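J.: below is the structure, and that's it, no one-letter string:
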């Protein structure tokens, strides 16, 4: 900090010693108005343990040339013991020989001519860091995993610590083998630990998941705003991680931010997220099979269909057809207009707000309903236009929809698991009106293991098929709505409900979500009724603008209009989407929701498909 105190003092000194100066003497003082300043430079501002950095001081304004004195604030540096070779213009900082982690050392230079003048330089010092990597990280009882130790400033070897469950063998300088016990009754998380051979305070850990012999059937779910939470957040987007491999090989990519969707069927992954994994597309009559999916907001995704080995937690589906989301080589302009239909292209992470979609809805493939294949070719399909046969560059596609056998359709991977293949359940805790994030679980199988039974859940068998698939009746008391084509959909981020004339519930200025008056949320009661099962659901819809302002991503009261159309014909069998209550992700908070897949069997329960909660 600059100060005028020294300048005033200099005036007094000059006046008092004017005669001496005139007689050829030297005042030895700083000229009036010229402050002392110190600038510092370090040979390195980032060093490893045991290394050094030389700090050089340049002092201006000090006619005495007294230079500086040195001091340090740093780890393992009492009484400036870490400083050597000190001179009025330089000093050497010596980092500790061995320590764990990272710290910042501050080296200060103080003017000898004026102790109020200082400057400091910061040096980041990195000590020994041990990183342990298991391969694989998830194993069954009786299997092994190779643990590799790497890291910064890693000493010549590590000391391995025996875990509390299972054993370590083949303990070498930087590798060891973890041996899981022969049997476990439930999923176990085993911590593997290694210490530095020269500094026991330096510790590295990792976790190996040990599954029962039948395999792990639980995957972690997270709601955290998606892959772009700062620039393009995805409220109520629920994500998991999947591993995609070339069939029959260990050449794999583990992909996070896969949206979990009980309202669709099959795995769809951005091709750009599968770095190094080369999947061979399915061909029919010498042409490549491509898939198109249209979403409710008018957007779409496009790409080839290819078989892959898909693993989620400890479950694996081999050679399951998946959708590789990507534009053709020539860009989105080559996508057939029946697919694009004037909508926006979501073939990127920025468009999709995810790295893919895991469809685990109540059908085994994306083109079957009630045991029938709807993609049998001809002038059009029974619904939509999801499959194309294409070739060339630029891409050209046949105008007539091809016949696609169920074995080539994008497939719900759950039905191809060895066990736990009849459905799944999603469990999330309550989040009140909202939380920044939420974690839950995706459990595979229904009634196949001790951890996936229905318990006290009520089964709701669909009463009919609507435009969006299997459905049950929803009657909303107080809002006067009868919606017979309703469904449960974790891939929808809000309660989507009809809003006749756009006036039943106030909407936000952008018309995307509901915005009832702040402090006056819509509290309603709905009755869901299937061919089997009936029950009441109380729900709340709050002002979406206010919810967005909180910065929370897990929102239990987010609602949106599915339609502003006045629909009087719903009871007579109109299957228009406007006649649906889409029980989106807010419905899942505080519940366990089961989805049983069509054509499978759940012991002692009604014929599938159905939902239960």
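T.: Cool, the structure landed. In this text the structure is predicted, and so the values were computed from the model without any measurement.

J.: so which bits of the helix or strand harbouring residue 323 are buried?
T.: If you go by DSSP states H and E, residue 323 is part of strand 315-325. Buried residues in strand 315-325, counted by 16 or more other C-beta atoms under 10 Å: 315-318, 320-325. In short, each C-beta sits where N, CA and C put it, glycine included.

J.: repeat that for stretch 169-186.
T.: Buried, per 16+ other C-beta under 10 Å, within stretch 169-186: 171, 174, 176, 178-180, 184.

J.: will you turn the buried residues of strand 315-325 into JSON lines that also has distance to residue 222?
T.: Putting the buried residues of strand 315-325 into JSON lines (distance: C-beta to C-beta, whole Å) gives the following:
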{"residue": "315", "distance to residue 222": "18"}
{"residue": "316", "distance to residue 222": "22"}
{"residue": "317", "distance to residue 222": "22"}
{"residue": "318", "distance to residue 222": "27"}
{"residue": "320", "distance to residue 222": "24"}
{"residue": "321", "distance to residue 222": "27"}
{"residue": "322", "distance to residue 222": "22"}
{"residue": "323", "distance to residue 222": "23"}
{"residue": "324", "distance to residue 222": "24"}
{"residue": "325", "distance to residue 222": "21"}
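
J.: quick one: which of these is nearest to residue 374?
T.: residue 321 (16.1 Å; C-beta to C-beta).

J.: just to revisit the earlier point, so which of the buried residues of stretch 169-186 are in helices?
T.: In helices, judged by DSSP state H, none of the buried residues of stretch 169-186 are found.

J.: restricted to strands, list these.
T.: Mapping the buried residues of stretch 169-186 onto strands (DSSP state E) picks out 176, 178-179.

J.: so for the helix or strand following the strand holding residue 323, mean pLDDT?
T.: Using DSSP H and E, the helix or strand that follows strand 315-325 in sequence is helix 337-340. What helix 337-340 shows for mean pLDDT is 92.

J.: sorry, back to before: looking at the ones in strands among the buried residues of stretch 169-186, which is nearest residue 494?
T.: Among those, and counting by C-beta to C-beta, the member closest to residue 494 is residue 178, at 44.0 Å.

J.: how is this protein partitioned into domains?
T.: Here the domain assignment for the chain is 36-126, 131-211, 218-416, 452-612, based on automatic domain parsing.

J.: gap between the second one and the chain center?
T.: By that I understand domain 131-211. Its chain's C-alpha centre and that of domain 131-211 lie 26 Å apart, by C-alpha atoms, centre = their mean, to the nearest Å.

J.: the most centrally placed residue in the chain and residue 309, how far apart?
T.: What sits nearest the mean C-alpha location of the chain, by C-alpha atoms, centre = their mean, is residue 257, with 4.2 Å. With the distance defined as C-beta to C-beta, to the nearest Å, residue 257 ends up 20 Å from residue 309.

J.: now swap in residue 536 and tell me
T.: In terms of C-beta to C-beta, residue 536 sits 43 Å off from residue 309.

J.: also residue 401?
T.: 29 Å.

J.: more crowded one of these two?
T.: residue 309 (23 against 20; other C-beta atoms under 10 Å).

J.: so what's that one up against?
T.: Residues in contact with residue 309 (C-beta atoms under 8 Å, 6 or more residues apart in numbering) are 244-249, 252, 316-320.

J.: same thing but at 6 Å, please
T.: Listed by C-beta atoms under 6 Å, 6 or more residues apart in numbering, the contact partners of residue 309 are 245, 247, 318.

J.: who's in contact with stretch 134-148?
T.: 132-133, 175-180, 182-184, 192, 206, 208-209, 211, 213, 314.

J.: ditto for stretch 94-102
T.: 47, 49-52, 76, 82, 125-127, 199, 201-202.

J.: how near is residue 158 to residue 127?
T.: 15 Å.

J.: again but with residue 75, I slipped
T.: 9 Å.

J.: now stretch 386-396: buried residues?
T.: 386-390, 395.

J.: ok so, going back, out of the ones in strands among the buried residues of stretch 169-186, who's nearest residue 239?
T.: Scanning these for proximity to residue 239, where the rule is C-beta to C-beta, the winner is residue 178, at 28.4 Å.
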